[in-house]
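>>> got a sequence here, can you build the structure:
(4 chains)
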Protein chains: 4
Amino acid sequence: MPHLRLLVSCADRPGIVAGISGFLAGRGANITQSAQHTSDPEGGRFFMRIEFDVADADDLEEAFGVVAEEFSLHWRIWDAARPKRIAILLSREEHCLLELLWRRRRGELDAEIVQIASNHDLARRDADAFGVPFEHVPVDPEDKLASEARLLELLAGRCDLVVLARYMQILSGGFLDGVGVPIINIHHSFLPAFAGAGPYTRAKERGVKLIGATGHYVTEELDAGPIIEQDVIRVTHRDDVEALTRLGAEVERTVLARAVQWHCEDRVIVHENTTVVF
Amino acid sequence: MPHLRLLVSCADRPGIVAGISGFLAGRGANITQSAQHTSDPEGGRFFMRIEFDVADADDLEEAFGVVAEEFSLHWRIWDAARPKRIAILLSREEHCLLELLWRRRRGELDAEIVQIASNHDLARRDADAFGVPFEHVPVDPEDKLASEARLLELLAGRCDLVVLARYMQILSGGFLDGVGVPIINIHHSFLPAFAGAGPYTRAKERGVKLIGATGHYVTEELDAGPIIEQDVIRVTHRDDVEALTRLGAEVERTVLARAVQWHCEDRVIVHENTTVVF
Amino acid sequence: MPHLRLLVSCADRPGIVAGISGFLAGRGANITQSAQHTSDPEGGRFFMRIEFDVADADDLEEAFGVVAEEFSLHWRIWDAARPKRIAILLSREEHCLLELLWRRRRGELDAEIVQIASNHDLARRDADAFGVPFEHVPVDPEDKLASEARLLELLAGRCDLVVLARYMQILSGGFLDGVGVPIINIHHSFLPAFAGAGPYTRAKERGVKLIGATGHYVTEELDAGPIIEQDVIRVTHRDDVEALTRLGAEVERTVLARAVQWHCEDRVIVHENTTVVF
Amino acid sequence: MPHLRLLVSCADRPGIVAGISGFLAGRGANITQSAQHTSDPEGGRFFMRIEFDVADADDLEEAFGVVAEEFSLHWRIWDAARPKRIAILLSREEHCLLELLWRRRRGELDAEIVQIASNHDLARRDADAFGVPFEHVPVDPEDKLASEARLLELLAGRCDLVVLARYMQILSGGFLDGVGVPIINIHHSFLPAFAGAGPYTRAKERGVKLIGATGHYVTEELDAGPIIEQDVIRVTHRDDVEALTRLGAEVERTVLARAVQWHCEDRVIVHENTTVVF
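Numbers count the residues shown, from 1 in each chain, chains lettered A, B, ... in the order given. Here you go, the predicted structure:
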């Protein structure tokens, strides 16, 4: 029996839950998980995620459109049987890539990794070992748009999500528009601290006692997009920049894997510059 | 406008959410928070918590009884404006008591502390300072039932929750029945490790690298009731039993405060020997 | 038998540990704890903390001066039997003050709280209950130096440490010089994120998934002094600014208490703008 | 210049630090890190770890023997340039093996992985990919000693450490004696909770809110050896046994990697049934 996920957001008003769950009950659906959030009881925004089984999903989206219109819903329905297609970009560091590949192989990541691309020709052997196509797309500092154009050829229309797994190039607004799917980045600090380059060096200089990582959707403004997940690890005066980098790598791969997994399970809704994670 | 909380559990089947939310919509209620859980999509148990505003709450419980019968619901509705009445029992250690009193004073604990009782006459001054009645109920090892009888006189029918804030006496099944309200205990270990007496001493002997605390509902079997919340703190070989006790006290009061707060906000449903915490 | 703590820092070179421990052995001292750190094996800085028992401490400092000179040591010796005298400043929020008072009462804080002062007249009753002198030192926005002058009268020469337990006034460089003892502040964010005013509001806007607190030494530059301790707590989209403030208060008081305790146990050495915490 | 690590334990008495550091100074050694612990100031046990550079390490061990005898030291010296040789045993689950292999490849694990063996023939391809010899050593339930004998042939004298990376067979006392090097195991619970088989299933039944993992030295008593490292991860009622297993795997591999790394850096000393981790 098809297992579907419905994500909804709209201006809050009475009757939404009843309207939606009444529709689903009318279709014989069985709700197996649901969660709801209202940003503010007075004039706030309403968010909902429902997982349900339904015998006949054929014209469900069309029929749901009527309910959606009544409540002016933003919504999407995703068939749980259809894994998201992921493309991964990286530069030199491969630990985040490997974490995703391993989780995929162990059946822990509900997604298909369809393409890996890098501005360095280092991860080809790993990509081959996991049977994923790899493309070396060098970046010419004088002509960055050329490499973005090549990436767009490679990715646009062929994936549902782009993951920047320590990809150290800044992507233009044109690329974001062109690729047309969400992009998740891992930043190696607990944003908004240490946005930009060299976070571990700056963390050492500032003498912080925790270092962290942040998984977030990419927007045009660098390191400023909606945060999906963050975590930290304790460090001490004994840890030099190299040790911070090594400890941080543990957090980076965990945080990125969670952010990607939650996105692939349709648990994340963007609200202004923040996220609701159900 | 009255703000109510509805907690529901029942055998899972299609249509429950629609039935309940349809009823609420029909009463003009506005759902401000809801969460749902199904223990198993096949033949599992269904749990739901809904917070809602409704203009007319007068015969709401009666009317809801019809829906409840249709789905064979276990349920309760609680008016958010009515704080739970809490009685606190303790022995010598006062840190958990003080944590609850301070949170109450700061307006962080959605409850009224109506009585403090102890088998030691040590906390009277603190109780006075916060304006809460204190009763010294000594325990005669030869006649424990006498002290339980005195506690029952003091508490039965006068509170909605009993909190054991480091109360080191074992309560009989008769007491549990007699008091007729839930009892939350804080145990000074991450159960099921180190159940029973002297957990910090045993933790030191075992050489664990984390110590913890567990907030749980009390059942007749010692330290075996449904767990509401647990947390841990890192320790090292440098920490002797005294240091473990001091560090553990931090975790104990945080964990107990969370467990009590979640109970008071009607976020906890017991399921077999576990809890669903919404 | 006197129990002393020796803190040392100097340019690293061979023989320091042997020189110091040889001196102590020559005096019949028994080292009960020691720790050492070198910031960089090549041309770095050396840090050491030693706790030791010694029968005759009479001219120990004088005699140690010879060793100190040989190695160009920065050093201090503190008698563990002499608790540090602490003065606490606060504004409206009292949770950090109370945490320190309670820990002191429970014998968990190795210090004497000699004075509380505030620009609001709110904490007097709490101060009285713990038997600590309280002084209301209002701040006239037109003449901040007057209140600083009053604070200096109250504190200079009378305490070994000043703790800013949510004191929301910025202290001038003149005050820092005049008071002549270290000042520890608790900032309600994981610095360097959200330095300055309103960190919880800004945390909510940025949509972070962790909020934190930072205990640091005060320098002339706001929220930029050497960090002693930091910690964080997980939050979600459900937590509004009020909830962040409440959850954050838990972290603030824990972090501040740890930072103060470590300072009082002579565990902290400042190195450039960071700390070594033994 | 040789970089050495000295680990020492003995009955505590005055003069040990001076004796050892005096010896090292006499040899022209430069101490780059040191830490010390005394289990009890009165009649306790003394532990010390020193890292030092020394130009001439030729007869250093022999010369140190004189100091060692004077203080009745247990001690060992390890040349940091000589990586420990590790053998890894596993059964079906490969995540812990892969974590160690990847860390090794990234240069994060200060060790050489010389052999992988398993009672299942599943990890051969991964072993090949990392260039490590793999041996399938099936276990005949009727004749477990035969497989242990084969493992002893494979490992005895050829490694400095055996790591049980989710090896689900119980090893006999004879094996422990025969292999003659420390064995580190990862247990998939926060011991002493859920020792033995099926910890995640039992964790789900008990309704714990944290699950954990424990890295410990193996002794004849199952899951009862000295603990090196533990960590936990938060879980909720939504997580079924499969989810606990998946989340737990994250903690297992981190905890095992840390325990192995600390052992390889000579940071761990066993004391009775506990560890000192410097």
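>>> the residue of the stretch 51-200 of chain A found nearest chain B and chain C, how far apart?
In the stretch 51-200 of chain A, the residue that lies nearest chain B is A:Asp53 (7.2 Å; CB to the nearest CB). The way it works is simple: take the backbone N, C-alpha and C, and place the C-beta from them, glycine included. The gap separating A:Asp53 from chain C is 27 Å, by CB to the nearest CB, to the nearest Å.
>>> dig out what that residue forms beta bridges with.
Following DSSP bridges, A:Asp53 is listed with bridge partners A:His3, A:Asn30.
>>> same for the lowest-mean-pLDDT helix or strand in chain A, what does it pack against?
Least confident helix or strand, chain A: strand A:30-38 with a mean of 90, by mean pLDDT, DSSP states H and E. Other helices and strands packing on strand A:30-38, by 3 or more CB pairs under 8 Å, 6 or more residues apart in numbering or on different chains; DSSP states H and E, are helix A:16-26, strand A:45-53, helix B:16-26, strand B:30-38.
>>> the residue of the stretch 51-200 of chain A closest to chain B contacts B:Pro41, doesn't it?
Yes: applying CB atoms under 8 Å as the test, A:Asp53 and B:Pro41 come out as touching, 7.2 Å apart.
>>> give the residues shared as contacts by these two.
Counting by CB atoms under 8 Å, 6 or more residues apart in numbering or on different chains, the shared contacts of A:Asp53 and B:Pro41 are A:30, A:32.
>>> what parts of the stretch 1-150 of chain A come near chain D?
Applying CB under 8 Å from any CB of the partner chain, we find that the stretch 1-150 of chain A lies next to chain D at A:33, A:95, A:98, A:102, A:106, A:108, A:129.
>>> next, count neighbours for the first one.
For A:Gln33, the neighbour count with other CB atoms under 10 Å in any protein chain shown is 16.
>>> which parts of chain A are strands?
A:3-11, A:30-38, A:45-53, A:74-79, A:84-90, A:111-118, A:134-136, A:161-164, A:183-187, A:210-217, A:227-234, A:268-271, A:274-277 (DSSP state E).
>>> picking up where we left off before, minimum distance to B:Glu135: which of the helices and strands packed on strand A:30-38 has it?
Of all these, it is strand B:30-38 that lies closest to B:Glu135, at 37.6 Å by CB to CB.
>>> got the residues of the stretch 101-250 of chain A near chain B?
A:Arg234.
>>> right, and chain B sits closest to which residue of the stretch 101-250 of chain A?
Residue nearest to chain B within the stretch 101-250 of chain A: A:Arg234 (8.0 Å; CB to the nearest CB).
>>> which residue comes closest to that residue once chain neighbours are left out?
Computed as CB to CB, 6 or more residues apart in numbering or on different chains, the closest residue to A:Arg234 that is not its neighbour in sequence is A:Leu210, at 5.8 Å.
>>> ok, A:Ser91 next?
A:Met168 (4.2 Å).
>>> pLDDT at the one you found, what is it?
Confidence at A:Met168, expressed as pLDDT, is 95.
>>> contact partners for A:Ala213?
Contacts of A:Ala213 (CB under 8 Å, 6+ apart): A:186-190, A:230-231, A:248, A:251-252, A:254-256.
>>> that should have said A:Ala203, apologies.
Here A:Ala203 is in contact with A:189, A:193-194, A:211, A:244 (CB under 8 Å, 6+ apart).
>>> name the residues of the least confident helix or strand of chain A that are buried.
A:30-38 (16 or more other CB atoms under 10 Å in any protein chain shown).
>>> report the angle between the axes of it and strand B:45-53?
30 degrees (axes from the mean of the first three to the mean of the last three CA atoms, to 10 degrees).
>>> okay, strand A:30-38 in PDB with CA atoms only?
In PDB, the C-alpha atoms belonging to strand A:30-38 read as follows (Å, rounded to 0.1, in the frame of the first residue of the first chain):
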ATOM      1  CA  ASN A  30      -4.400   5.700   7.800                       C
ATOM      2  CA  ILE A  31      -2.300   8.300   9.400                       C
ATOM      3  CA  THR A  32       0.800   6.700  10.900                       C
ATOM      4  CA  GLN A  33       2.600   9.900  12.000                       C
ATOM      5  CA  SER A  34       1.700  13.500  12.300                       C
ATOM      6  CA  ALA A  35       3.100  16.600  13.800                       C
ATOM      7  CA  GLN A  36       2.000  20.200  13.800                       C
ATOM      8  CA  HIS A  37       3.400  23.500  14.800                       C
ATOM      9  CA  THR A  38       2.000  27.100  15.000                       C
END
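>>> what does that strand contact?
A:3, A:12, A:17, A:21, A:24, A:44-54, A:276, A:278, B:12-14, B:16-17, B:31-38, B:41, C:237-238, D:238.
>>> coming back round to it: report the two of the contacts of A:Ala203 separated the most.
A:Ala193 and A:Leu244 (13.3 Å).
>>> so which of those two has more stuff around it?
A:Ala193 (24 against 20).
>>> surely that one touches C:Arg206?
No: with contacts counted by CB under 8 Å, A:Ala193 stays clear of C:Arg206, the gap being 10.7 Å.
>>> good, wrapping up.
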